[in-house]
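Chemist: The following comprises the amino acid sequence and a computationally predicted model.
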Amino acid sequence: MIVVNAIIETTPESIEAMREAIAEMETKSRAEAGCHDYTFSVELNDPNVIRITEKWDSMADLEAHFGEPHMAAFQQAMSANPPKSVSANFFEATEIAGPGQ
């Protein structure tokens with residue numbers, strides 16, 4: 001499984017301006033082949049930071065995601081509301097049962 005942890009540093013105003021694009025990105029990404037999770041969240045202690053958590057079956061699925069029309073629409077929304085910074089980390093992971101599971 002591929003896990004993505006991305007961070008966008010922006011402003012609450014930009015987050016509000018991108019709200020529709022973010023909602024579409026979550027909904028359409030979750031419907032893609034190989035996607036197990038695609039979630040945006042705003043940090044409680046820093047409303048200028050969006051975190052994106054993704055889980056994919058494979059890098060091929062993730063790479064296909066980059067070519068989707070909703071990705072282009074999200075990139076356009078970000079271009080109209082430029083973030084202060086964007087970072088993403090990609091991990092190959094094996095899910096294990098937690099304590100008590």
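Modeler: Noted; the coordinates are in hand. Numbers count the residues shown, from 1 in each chain.
Chemist: residue closest to the middle of the protein?
Modeler: Centroid check for the chain by CA atoms, centre = their mean gives Ile52 as the closest residue, at 3.5 Å.
Chemist: In three-state terms, label that residue for me.
Modeler: Each residue gets one of three states, and Ile52 gets strand by DSSP: H, G, I helix; E, B strand; the rest coil.
Chemist: Grab the nearest non-local neighbour of it.
Modeler: Using CB to CB, 6 or more residues apart in numbering and skipping residues adjacent in sequence, the residue nearest Ile52 is Ala6, 4.0 Å away. Using the backbone N, CA and C atoms, a C-beta is placed for each residue, glycine as well.
Chemist: This protein: helices as residue ranges?
Modeler: Taking DSSP state H as the test, the helices found in the chain are 12-17, 19-30, 59-65, 69-80.
Chemist: Could you dump those into TSV with mean neighbour count and distance to Ser41 added?
Modeler: Listed next are the helices of the chain as TSV, based on neighbours: other CB atoms under 10 Å; distance: least, CB to CB, whole Å:
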stretch	mean neighbour count	distance to Ser41
helix 12-17	14	11
helix 19-30	16	10
helix 59-65	15	19
helix 69-80	14	16
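Chemist: Tell me which of those approaches Pro47 most closely.
Modeler: helix 12-17 (5.1 Å; CB to CB).
Chemist: mind saving the C-alpha coords of the closest one as CSV?
Modeler: These are the backbone C-alpha positions of helix 12-17, laid out as CSV (Å, rounded to 0.1, in the frame of the first residue of the first chain):
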residue,chain,number,x,y,z
PRO,A,12,-8.2,30.2,6.0
GLU,A,13,-9.5,32.5,3.2
SER,A,14,-7.8,30.4,0.6
ILE,A,15,-9.1,27.2,2.1
GLU,A,16,-12.6,28.6,2.0
ALA,A,17,-12.1,29.7,-1.6
